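*Asks:* Based on what follows, work out the 3D shape:
(one chain, ligands or ions: 1)
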Amino acid sequence: MLLRLLGVSKRFGRDWVLKDLDFSLERGEVVALLGPNGSGKTTLLRLMAGLLKPTRGRVERLGRALLLSNPPAFHRHLTAREHLLYDLAFHGREGDFAGALRRFGLPEGLPLQAFSSGMKKRLALARLLLLAPEVWLLDEPETALDAEGRGLLLEVLKEARGKGGVVLATHDRALAERVADRALTLGEA
Ligand SMILES: Nc1ncnc2c1ncn2[C@@H]1O[C@H](COP(=O)(O)OP(=O)(O)OP(=O)(O)O)[C@@H](O)[C@H]1O
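*Replies:* Reported below is the predicted structural model:
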């Protein structure tokens, strides 16, 4: 097992966003996280990543978890090359950043403030592949991607399944049905 949630609840102010949630993620598994706007998908991914603390319950991470947020967050004054070098150093890893940029069709030397939203999404995918976590948490990774970018996303998901487990929040039912083994749906009565 890579990740386990035991009776997790989250409250913001007076509002309970998540209540008594149990969940576990196994190696080799892709789980789609579904539900309408505001149902708590991003909140749940942030809890899984350890970026938020549950109000009640427990989150156990047995593998290294990383979140691809939507939209992805980058230092906008850095170039893609500088950013990937920084990310690799920060996580104490080595990797072929130049090869990753080529594979994802991205320029090395342009500051990220000049990247389109789809280019930023591609860079976020390239970064995740280089950092190769065990728990891959993806928040609407398909948004802003063109057809080629979606193809790259499918490749990333395949590699992620081979390296660990995936939780993928999405509004794209077709994508969920294509890649996920099962779904966790929030906001259902
Ligand atoms: N930091 C916060 N403070 C207060 N309320 C918050 C905070 N973060 C999220 N919420 C609330 O929690 C609820 C769930 O938000 P969340 O972003 O998790 O939903 P979502 O399912 O990811 O939505 P979407 O499909 O629109 O991305 C919303 O009502 C939101 O306003």
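
*Asks:* Now do the same contact list for the spatially most central residue of the chain.
*Replies:* By CA atoms, centre = their mean, the mean C-alpha position of the chain lies nearest to L138, the distance being 2.1 Å. Contact analysis of L138 by CB atoms under 8 Å, 6 or more residues apart in numbering lists 67-68, 128, 166-169. Where C-beta positions appear, they are placed from N, C-alpha and C, glycine not excepted.

*Asks:* ok, which pair from the residues you listed is furthest apart?
*Replies:* L128 and A169 (14.4 Å; CB to CB).

*Asks:* which one of these two has more residues nearby?
*Replies:* A169 (25 against 22; other CB atoms under 10 Å).

*Asks:* what about that one, distance to the ligand?
*Replies:* Distance check for A169 against the ligand: by CB to the nearest ligand atom, to the nearest Å, it reads 6 Å.

*Asks:* remind me, longest helix of this protein?
*Replies:* helix 147-163 (DSSP state H).

*Asks:* elements contacting that one?
*Replies:* Packing partners of helix 147-163 (3 or more CB pairs under 8 Å, 6 or more residues apart in numbering; DSSP states H and E): strand 30-34, helix 117-131, strand 165-169, helix 173-179.

*Asks:* Single out the most deeply packed of those.
*Replies:* strand 165-169 (a mean of 26; mean count of other CB atoms under 10 Å).

*Asks:* if we can go back for a sec, look up which residues are beta-bridged to the residue nearest to the centre of the chain.
*Replies:* L68, L168 (DSSP bridges).

*Asks:* one step back: I'd like the helices and strands packed on helix 147-163 laid out as JSON lines, including mean pLDDT.
*Replies:* Shown next, in JSON lines, are these (pLDDT from 0 to 100):
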{"stretch": "strand 30-34", "mean pLDDT": "98"}
{"stretch": "helix 117-131", "mean pLDDT": "96"}
{"stretch": "strand 165-169", "mean pLDDT": "98"}
{"stretch": "helix 173-179", "mean pLDDT": "97"}
